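*Asks:* coordinates only, sequence not included:
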């Protein structure tokens, strides 16, 4: 127990120094920052914008209201939204640094479908001269305290799952290009420090309407949930197919298209993971989402029907394919995803023939409280009988300030055919700075 307390104290201290470092860095560069005073009357609830205010790009259906009809529910939309949102007006009102921080921590945020970084106004720099117009610095912390109950044993542990620092930047408008650089400082015994260090490092070009062309190291769209940021996963842990086949980055060229009725992601990558080898082989990753309700202005919610393929060679051939369907309507959500693999290349390279599926339902009791439940079925090797793993999960998400500050409480019952069954109680925290 003392060891756990020591770990929690260390994490708390590290987080405080991290926040302080970001704030001091901002103060140091503020001399070069353009002093813009923008009166911003935009809130993340049902706030009508004044007539002389340009609609923010986050108002997806262009009705002047930022509400649930602007819901983002797939990765392609989120990728466009992330960089469009980067160009929103910044509040440069007068006041001390600590006044601005205190104001950010008291913000009312009702939307939970995008990454609202708490200190965006403080950590964004606009430049008068040079090729770069704007840089937004940010940080992310995720950790969870879990209590594991087996038949004849009990243990508890604290896992730090994300300590990320990074920047997103906009070049001058004539270049039609943005960039992102993210470093991962999460402790790990599986990789060297430098293999784990760089998670995102890419440029993205918007020259073709409704498209992004990305070059560099970025998230690989292997599966629907497996290709999304952990910030939006409704549970502390991803589903078994997502954490086994997906949740990786790859270096290559990626084309993302986004239209009202369809979006897609097509990528040609190196099959290397975590910068372990120069070019062990090549791979193709593609995912397509159909959005049948895309032109109904949210009247019937949002429906996504998708599927994709990840195939390549890294010493051994591998292929992962999958399908997804999800529906969001007002405060209700439900989805189902299936994946089958003939070998896979994720955090580990495997020749196993695996398959699995999960289904999730969720309902928001209030703008801040969401109930979720999931059934998760996974067969790690179809050539071996009696190794099915089933997980039954129930949870509560408490959005203190949207996704910027979230607490997750999960109960998971693990029903294993060839392993000991277990019960897990997990308390997770998420902070986006």
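*Replies:* Yep, it's here. What you see is a predicted model; the values in this text were computed from it and never measured.
*Asks:* Tell me which stretches of the stretch 51-200 of the chain form strands.
*Replies:* Here the stretch 51-200 of the chain has its strands, by DSSP state E, counting those that start in this stretch, at 124-126, 132-149, 154-171, 177-184, 198-205.
*Asks:* Show me which residues of stretch 249-256 are buried.
*Replies:* Within stretch 249-256, the residues scored as buried using 16 or more other Cβ atoms under 10 Å are 249-252, 254, 256. C-beta coordinates here come from the backbone N, C-alpha and C atoms, glycine included.
*Asks:* And the furthest pair within those residues?
*Replies:* Based on Cβ to Cβ, the longest span within these runs between 251 and 256 and measures 16.3 Å.
*Asks:* For residue 413, report the pLDDT, please.
*Replies:* With respect to pLDDT, residue 413 scores 97.
*Asks:* Nearest residue to it in space, please, no chain neighbours.
*Replies:* residue 392 (4.5 Å; Cβ to Cβ, 6 or more residues apart in numbering).
*Asks:* With residue 173 as the reference, measure out to that neighbour.
*Replies:* Separation of residue 392 from residue 173 (Cβ to Cβ, to the nearest Å): 51 Å.
*Asks:* These two: who's more crowded?
*Replies:* Between residue 392 and residue 173, counting by other Cβ atoms under 10 Å, residue 392 is the more crowded of the two (14 against 9).
*Asks:* Is residue 243 part of a helix or strand, or is it coil?
*Replies:* Put simply, residue 243 is helix when judged by DSSP: H, G, I helix; E, B strand; the rest coil.
*Asks:* How many neighbouring residues does it have?
*Replies:* For residue 243, using other Cβ under 10 Å, the count is 16.
*Asks:* Mind pulling up the pLDDT for it?
*Replies:* 95.
*Asks:* Quick check: nearest residue in space to it, chain neighbours excluded?
*Replies:* Spatial nearest neighbour of residue 243, excluding adjacent residues (Cβ to Cβ, 6+ apart): residue 237 at 6.7 Å.
*Asks:* Among the buried residues of stretch 249-256, which lie within strands?
*Replies:* Counting by DSSP state E, the buried residues of stretch 249-256 place 249-252, 254, 256 in strands.
*Asks:* With distance to residue 347 and pLDDT added, can I get those residues in a markdown table?
*Replies:* A markdown table is the format used below for these (distance: Cβ to Cβ, whole Å; pLDDT from 0 to 100):
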| residue | distance to residue 347 | pLDDT |
| --- | --- | --- |
| 249 | 11 | 94 |
| 250 | 12 | 96 |
| 251 | 16 | 96 |
| 252 | 18 | 96 |
| 254 | 20 | 96 |
| 256 | 24 | 94 |
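*Asks:* Can you add distance to residue 346 and give the residues you listed back as TSV?
*Replies:* Formatted as TSV, those follow (distance: Cβ to Cβ, whole Å):
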residue	distance to residue 346
249	11
250	10
251	15
252	16
254	17
256	21
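*Asks:* Name the nearest of those residues relative to residue 424.
*Replies:* The shortest gap between residue 424 and any of those belongs to residue 249, at 27.5 Å (Cβ to Cβ).
*Asks:* Show the contacting residues for the residue nearest to residue 243.
*Replies:* 243, 410, 412, 426 (Cβ atoms under 8 Å, 6 or more residues apart in numbering).
*Asks:* Tell me how many other residues surround the nearest residue to the third one once chain neighbours are set aside.
*Replies:* In this case it means residue 412. Nearest residue to residue 412, sequence neighbours excluded (Cβ to Cβ, 6+ apart): residue 424, at 4.3 Å. Per other Cβ under 10 Å, the neighbour tally for residue 424 reads 18.
*Asks:* Tell me which residues of the helix or strand containing residue 424 come out buried.
*Replies:* In this assignment (DSSP states H and E), residue 424 forms part of strand 422-432. Within strand 422-432, the residues that count as buried by 16+ other Cβ under 10 Å are 422, 424, 426, 428-432.
*Asks:* Which parts of the chain are helices?
*Replies:* In the chain, the segments counted as helices under DSSP state H are 2-29, 75-86, 97-105, 193-197, 240-245.
*Asks:* quick one: which of the ones you listed has the weakest pLDDT on average?
*Replies:* The minimum mean pLDDT among those belongs to helix 2-29 (a mean of 42).
*Asks:* Let me know the pLDDT of the closest residue in space to residue 372 that isn't next to it in sequence.
*Replies:* Among residues not flanking residue 372 along the chain, residue 362 sits closest, at 4.2 Å (Cβ to Cβ, 6+ apart). pLDDT recorded at residue 362 is 96.
*Asks:* Repeat that for residue 173.
*Replies:* Listed pLDDT for residue 173 reads 87.
*Asks:* Please verify my assumption that it contacts residue 133.
*Replies:* Yes. Look at residue 173 against residue 133 with Cβ atoms under 8 Å: they come within range, at 7.4 Å.
*Asks:* what about the nearest residue to residue 154 once chain neighbours are set aside, how many neighbours?
*Replies:* Using Cβ to Cβ, 6+ apart and skipping the chain neighbours, the partner closest in space to residue 154 is residue 148 (6.9 Å). Residues near residue 148, counting by other Cβ under 10 Å, number 16.
*Asks:* How much space separates residue 148 from residue 197?
*Replies:* To residue 197, residue 148 is 30 Å away according to Cβ to Cβ.
*Asks:* ok, now residue 116?
*Replies:* Taken as Cβ to Cβ, the span from residue 116 to residue 197 is 26 Å.
*Asks:* Of these two, which one has the most company?
*Replies:* Per other Cβ under 10 Å, whichever of residue 116 and residue 197 has more neighbours is residue 116, with 22 against 16.
*Asks:* Many thanks, I have nothing further to ask.
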